[in-house]
Structures are given as C-alpha cells and as structure tokens.
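Asker: Curious how this folds, go ahead:
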Amino acid sequence: MIGADRSGSNQIYEQLLSLAGSFSDDLQIDGLCRGLLETVQSPRIPGALIPIVAEDSRVAVCAAAATAIEWRQLSPLLRAFVGPTVSSFDGFPRPLSLSGSVATYLSGLGLSHLVQVDFPGSRAKTVTGLKACSRLAETLERAPALTKNTPQPVSSLLARFQDYLNIGARSDAEETLSQLRTGLRLDSLNLRFLALQLLDAFSDWSAIAVFPNLDSLFFARKPPAISAILLEALYRNHLESAVTAENSQVVTAIYQGVVQPLALPMLHLPLPPALRVGGQVIVALEGLNSSRRELLSFVDADQLPQWLAEIVRESVHSATKAPVQEQSQGAVERAQAALMEADGSPSLHALNDVLTAFGQLSPDEIQTLLSTEPFRSAVLKLPDATGPSDPGRPLPADWIEWLDRASEIEFDTALDVARQGMDEWPIDVALNDPLKVERLEAALNRAQDNELAARRFSESIPYVVGWLQRDASFPRPLATPIYSVLLTLLALGSSRGGSVFESSQLLVSALVSVGLGPDAYRNMVADVEEIAGAGFGVEMVYWLLEVIEDLFQFTTPVVAAREAFLQSAIVKLAPVFGRLSSVQRQAVRQLASDVGWELSDPRIESPDVPADDFASRLAGKRVALYSLSESANRQAEAALLALSPTASVSSSSETGGTARLKALAENADVFVISWQCAKHAATDFIRANRGSRPLVYAQGRGFSSILRAVEDYLRTA
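Answerer: Okay, here's the model as predicted:
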C-alpha cells in the first residue's frame, strides 16, 4: 500500500485508474493490469506494483515504495517472483524512463523508490511477467501476518502531539490528533480539549469562536489550562478591540452582556495558573463589576493595559479589607469542600488538597463520604493516583519533586502529572535564581541514574520544553544549564534508540541565542551531531538546515567547531542527495550560498533531475510569505524563484493589518506564516482575510522552514 493511510491510498488508486484509462486492447493484459493496480490499496503489500503503458503500447510495471523500509521488504520478493529470467529487474533500483501522465503523477508523490520493471520480448513474455507480479501480490495477500504493528501508547501520542505544538508543526499535530480520534484512544471531551490546545497554540481565536458546541465547554468540568484558553479566547474574540481603544464604557457593556455569563464558571479561586493577558483582563473586569472585589488582589496588574492597570491598583489600594471570619470546619467538611473544588477544576493543587483532607479522615469517615452523593461521584472522577486509596501522599508541586518520584514504580501517573504540570507549575519561581536552576539541573542528572525515571523523563521531554516556552523571558540566559542538559539527554536518548523529539531544534536555537562559552558550544555541537546520528535520512534534512541557520545567525566562540559541523553535514547529505526533493535541494543550495558552504562532493554536484514535479506545480502560483525576519523572507523568495522562475513570490513583515497585507491574503494561491516569528495581530488579520484559501505554517524561524511548508503544500495541493 502506498499513501500515508487507507484514505490516501484510495485517493491515489482512483487517480491512477483515471489517468491510465484502458491499459491495453488485449483483454487478458488489461485484466492483469487492473488487478495489479489494486496493490496500491492493499495494506498487506509493501509498496505497490503499478502497471504503466508506454507510448508504443508496451506495458511495464512500476515497483513503488513510500519508504526505504518498504523497498527493502519489496525488493527481494520482486526479484524472487519477477527476476532476470522474466523481466529486466535484477534487484538494483533503476529510475523510471517511461513518460506519460501516470509516470508524471507517480513522480510527484515524493515516494522513496520508483523502479521500472520491463518485460522485453513478445506478448507472451509480457503476460508471463504480469502473471508473476500477480502471483507475488496474491501470495502476500494470503500470507499469515507473522508480526503485528504495535499500536503506539496514548502517552507516546500525547507527547508527540505536544512536541509538534512546541515547534509549530500544525499539520503534524492535526494528524496526531486524528490518530487519537480515529483510534478511539481518548474520550470525546478530552479530544475536544486537545483540539482547543492546538487552536490556542496558533492563536487561532476565530476558529475557537466557531468551535462545535463551544458553550457547553464553559460549564464542563475541565483542567485549569483549558479554562485559561477559553478565557483568553473570550477576550480576543469580544473584548480586545474595545480594551485597546481604552473605551471603558464599551468594555463594561460587552463584558456584562456577552463575556460574564460564559466566564463566571471559571472565575473562582484559585485562578488558573496559566492565565495570560486576556484572562487577567477578564478577572479584573469581574472584580470591578461585581461584589467579588477580592479577585482584584489576584490580578497581575503588570500584564494589563496601562489604563486598566491603574484602575485595578487604585481599587486594590482603596479597598477596605473585610474582617476574616474564622470558620470551624471538621475533617469531613474539609474533605467535602476539597472534593467539590477538585470536581469543578481538577488542578494539581486542588487534587493535593483532596489528598491532604483524606489523610485526616478515619476509615469509617472515608466510607461514609464514599456512600453519599455528590461526593461519591466526585471521588470516582479523580485520577487513579488521587483519592482515599493513597491518602496523605501529595502530588509533585514542581519538576524537581516529579523527577525525585519518577523512579517509584507506584507513580504510574507520572506522565499525566507531567502533562498537567507543564501548564500549572510556576516558571519564574524555578528559573529566577541560580541556586534553583542548579537544583533542577542536579535533579535532571540524578534521574538518569535510574532506568525507570530516565525512561519516564525521556517521554516527558516535550512537556518540559513546553513548560520552558511559557517563560516570558524564553530563552533566559540563567536557564542555559537546563537547555543544555535537555539537549544532551535527547542526544543520549537517540544513541540508545529512544525517541528524538523535534523540540531539540528549539533548544539549539535557545542555546545559540543566549550565548555560550567555548566548551559549552563544543558540547552543544557534539549533542547535535549525536542527534543527527549515523542513520541520517531524507526526513531529517530540513531539521539539519534549520540547525545550521541557527548556528550562523549568531556569532560563535569556536569557529572551528562550527566549520567541522558544516563538513559533517555535507558528509551526511551527500549519500541521500539523489533522493532529495527539488525543494530540499534548492534549500541546500540557497543555504550554501548564504553561509559560504562549499558543496564539493560529486554526489551533490551531479546534474540528475529529482523525481518530482514541484517546480511545475509552483509555476505561475502566487506565494505569499509572512515573517518578522526579513532576511528569512528574502532567502525563501530567492530559493522559490530559482526553483520556479514563473512563480510570483511576495513577502511581508508588517506587525498589523495593512492594505498590502490584505491584498496578499486575498489573492495569494498559498500563504505561509512563520509561526515562531510573527505578531498575533498580523496573523489574525491574515486569517480574517484569507477565507478558505490555503494557509500553511512554517514551524521554524528560518527560510528552510518556509520552504518546508511550501513543499508540504505542494505535496497535497
């Protein structure tokens, strides 16, 4: 089967069937060809056997494989059934020499291997060859499945989902979410929460405004991070323009008429830890427009617009503190209150309150509590690691505590806690003091001495990187040791066969931007070399180019280390250069030109033509680019025009809506936004004027990320 999934293979099959028409006037040959074409859809066959008709009506077969692994599986089988005695195939891959619509279409799919199998001689030999191919397909269909694909655990898919959000790989994140949805791996409510997180990661407030059954989510039981997202969306969609205009009367009217009824279920203490500007504004407006003045004491006035911050500070200063009334609560009442708080908003803090409360109850009191509603139902909703079965043992309150408990076998919710802690654990408190950074670094290293802790942490790295990105000062010079340790641990994981997350690119970018000493720089380069590994493949080319861009964007304390890395990159690229797409090749050449990189290897200098039609697909297209990095825009423009001179490429670095940006959004065939290097006001403006036309996201800051996004668009356009 070729294609990313069943639906993709079906689409390729229908397209090939349409392009091929009738394979031959000979009914026997035509029937054999139509049977072989069905291998495109068969999941039991590695790759596919696709019949092609030459201009002289001669029939050949194209052995196609989507990946190198598929080709290694298909090649020996093909040689056994259709070897040199029957066909031209001798086990060595030879590119397609036939032309025509089918060959052109196949070349544009970006498959790993397309190998032509000819049946020289008479009609009888062609029939014999086609029958041999058919027997191969039938044998594979009947063969018992000796191995089964082990489904990825939910924890791995969730970590991968977060990894894609960290780097801004929207299409990859959407595909992972689709895997979770189609595999029935999560309930519908949690799937909706993940969809909201994806839209929030890209500040796609307009999409959240029309999210299916959105109103029900305001009143549903949800984690604090989702409450923070919904509050931010309410602000962006309803209040932001009036707040920016400093029109207090309009702000109050909109808040009371539209926002307040939806926000109220989420405005209880303690407030969601991950509140941003919009959430802070809504909390402030609730405190100013209701009797709940105590909320103003929890507002971070520094995040508010100046005019609103002054009102809040004055109100807090002039407020008369109400006398605190001592409430005498028994242990059971405290447990009941904690349960109700955790039931409404299951934050780690609230869950810890439940654990503490249950630790003060006798077994009889716990039994009584479990036998009455609504407390019994509230207990059943608690995570497995929380509740009366393990009273008094608090959940980790930060990454250091999490790392210290990661080695405990009974801490089987470690990944769930890490995922929630990413949004709830304070970031400034952990990174604003050299001693605290040193303690976290020591905990990271200490966890590697235990196999279970090391494995759990390896799976949690995307959550740690997501937590670091919450830092308003990211990348923070004081946190350099943490970035460095994480990159080293990713390198160690790659050498042990573990997952290598794309968040490594963010860590490299953070390290070179904060500045490193000579030894630390050498260590970073060594880590990147280890991550790239000896098994470098086509799929890592853009990652490598983006790392090189980062290395050259900032000065280096060790020129020799950077140059050695460049030479190593050439060594890695040369063997796979012939399999690169035309866009990837142009990215390599453009980067070489910009950094003075000598591409002297004959395998790179060879004039062979890549097996795709991206240049023709791009011809005449209007491409718009948006990035605050003007140099990245210029480099991407030059590369795209070199690839397809008749394309029209325009770029913008404006920070807000302009007539020119509106025209680009309305008229471009494809619009690329550099997600990590963009202003949300401009991206909102682009989305508002783009409608349903193609809009894609580049996941890095450099020009190679832009080219990668364009290639992804061309593959599916």
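Asker: A418 touches W402, doesn't it?
Answerer: Yes - A418 is in contact with W402 according to C-beta atoms under 8 Å; the separation is 6.2 Å. Any C-beta I mention is one placed from the backbone N, CA and C, and that applies to glycine too.
Asker: Give me the more crowded residue out of the two.
Answerer: When A418 and W402 are compared for neighbours, A418 comes out ahead with 28 against 25, by other C-beta atoms under 10 Å.
Asker: Can I get the helix or strand harbouring that one in PDB, CA atoms only?
Answerer: Using DSSP states H and E, the element containing A418 is helix 414-424. As requested, C-alpha coordinates have been extracted for helix 414-424 and formatted as PDB (Å, rounded to 0.1, in the frame of the first residue of the first chain):
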ATOM      1  CA  ALA A 414       3.900  10.300  36.200                       C
ATOM      2  CA  LEU A 415       3.300  11.200  32.500                       C
ATOM      3  CA  ASP A 416      -0.200  12.600  33.200                       C
ATOM      4  CA  VAL A 417       1.100  14.700  36.100                       C
ATOM      5  CA  ALA A 418       4.000  16.000  33.900                       C
ATOM      6  CA  ARG A 419       1.500  16.900  31.200                       C
ATOM      7  CA  GLN A 420      -0.600  18.800  33.600                       C
ATOM      8  CA  GLY A 421       2.400  20.300  35.400                       C
ATOM      9  CA  MET A 422       3.600  21.800  32.200                       C
ATOM     10  CA  ASP A 423       0.700  24.300  32.400                       C
ATOM     11  CA  GLU A 424       0.400  24.700  36.200                       C
END
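Asker: packing partners for that helix?
Answerer: For helix 414-424, the packing partners by 3 or more C-beta pairs under 8 Å, 6 or more residues apart in numbering; DSSP states H and E come out as helix 154-167, helix 224-234, helix 348-359, helix 399-405, helix 451-469.
Asker: want to throw those into a markdown table with mean pLDDT and distance to L271?
Answerer: Compiled in a markdown table, the helices and strands packed on helix 414-424 are given as follows (pLDDT from 0 to 100; distance: least, C-beta to C-beta, whole Å):
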| stretch | mean pLDDT | distance to L271 |
| --- | --- | --- |
| helix 154-167 | 90 | 23 |
| helix 224-234 | 94 | 8 |
| helix 348-359 | 76 | 11 |
| helix 399-405 | 94 | 22 |
| helix 451-469 | 92 | 19 |
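Asker: most tightly surrounded among those helices?
Answerer: When neighbours are counted by mean count of other C-beta atoms under 10 Å, the highest per-stretch mean among the helices and strands packed on helix 414-424 falls to helix 224-234, a mean of 25.
Asker: got the contact list for that helix?
Answerer: If you take C-beta atoms under 8 Å, 6 or more residues apart in numbering as the criterion, helix 224-234 is touched by 193, 196-197, 200, 205, 208-209, 217-218, 259, 262-263, 266, 272-279, 282-283, 345, 347, 420, 423-424.
Asker: Report the buried members of those residues.
Answerer: Members of these that pass the buried threshold by neighbour count (16 or more other C-beta atoms under 10 Å) are listed as 193, 196-197, 200, 205, 208, 217-218, 259, 262-263, 266, 272-279, 282-283, 345, 347, 420, 423-424.
Asker: For the residue sitting furthest away from the middle of the chain, give its distance to T128.
Answerer: Among the C-alpha atoms of the chain, the one most distant from their mean position (C-alpha atoms, centre = their mean) is that of S122, at 53.2 Å. Computed with C-beta to C-beta, to the nearest Å, the distance linking S122 and T128 is 9 Å.
Asker: cool, and I686?
Answerer: Remark: distance between I686 and T128 (C-beta to C-beta) = 58 Å.
Asker: higher neighbour count, these two?
Answerer: Between I686 and T128, counted using other C-beta under 10 Å, the more crowded position is I686 (23 against 17).
Asker: which sections of the stretch 451-600 of the chain are below the confidence cut-off?
Answerer: Within the stretch 451-600 of the chain, the set of residues satisfying pLDDT under 70 comprises 494-500, 534-536, 600.
Asker: which residues in it form helices?
Answerer: Per DSSP state H, counting those that start in this stretch, the stretch 451-600 of the chain carries helices over the ranges 451-469, 480-495, 504-514, 518-532, 541-553, 559-573, 582-595.
Asker: correct me, but Y626 touches T655?
Answerer: No - taking C-beta under 8 Å as the contact criterion, Y626 and T655 are not neighbours in contact, 10.6 Å apart.
Asker: list residues touching both of those two?
Answerer: Among the neighbours of Y626, those also in contact with T655 (C-beta under 8 Å, 6+ apart) are A682.
Asker: Give the residue from those two that has the larger number of neighbours.
Answerer: Looking at Y626 and T655 with other C-beta under 10 Å, you find the greater number of neighbours at Y626, namely 28 against 12.
Asker: Identify the residues contacting the residue nearest to the spatial centre of the chain.
Answerer: The central residue of the chain, meaning the one whose C-alpha is nearest the mean C-alpha position (C-alpha atoms, centre = their mean), is Y164 at 1.4 Å. Going by C-beta under 8 Å, 6+ apart, Y164 touches R170, D172, A173, T176, E502.
Asker: go again using 10 Å as the cut-off
Answerer: Y164 makes contacts with 170-177, 198, 201, 462, 501-503, 699, as judged by C-beta atoms under 10 Å, 6 or more residues apart in numbering.
Asker: least confident pick among those?
Answerer: When those are compared on pLDDT, F501 comes out least confident, at 73.
Asker: Name the nearest residue to A520, sequence neighbours excluded.
Answerer: Setting aside the residues directly before and after it, A520 is nearest to S484 in space (C-beta to C-beta, 6 or more residues apart in numbering), at 6.4 Å.
Asker: Please enumerate the strands of the stretch 51-200 of the chain.
Answerer: 59-65, 113-117 (DSSP state E, counting those that start in this stretch).
Asker: wait, which of those strands is closest to Q15?
Answerer: strand 59-65 (13.4 Å; C-beta to C-beta).
Asker: Run the chain-centre distance for the closest one.
Answerer: Here the centre of strand 59-65 is set off from its chain's centre by 34 Å, with C-alpha atoms, centre = their mean, to the nearest Å.
Asker: Can you list the strands that that strand pairs with?
Answerer: Listed by DSSP bridges, the sheet partners of strand 59-65 and their directions read strand 48-53 (antiparallel), strand 113-117 (antiparallel).
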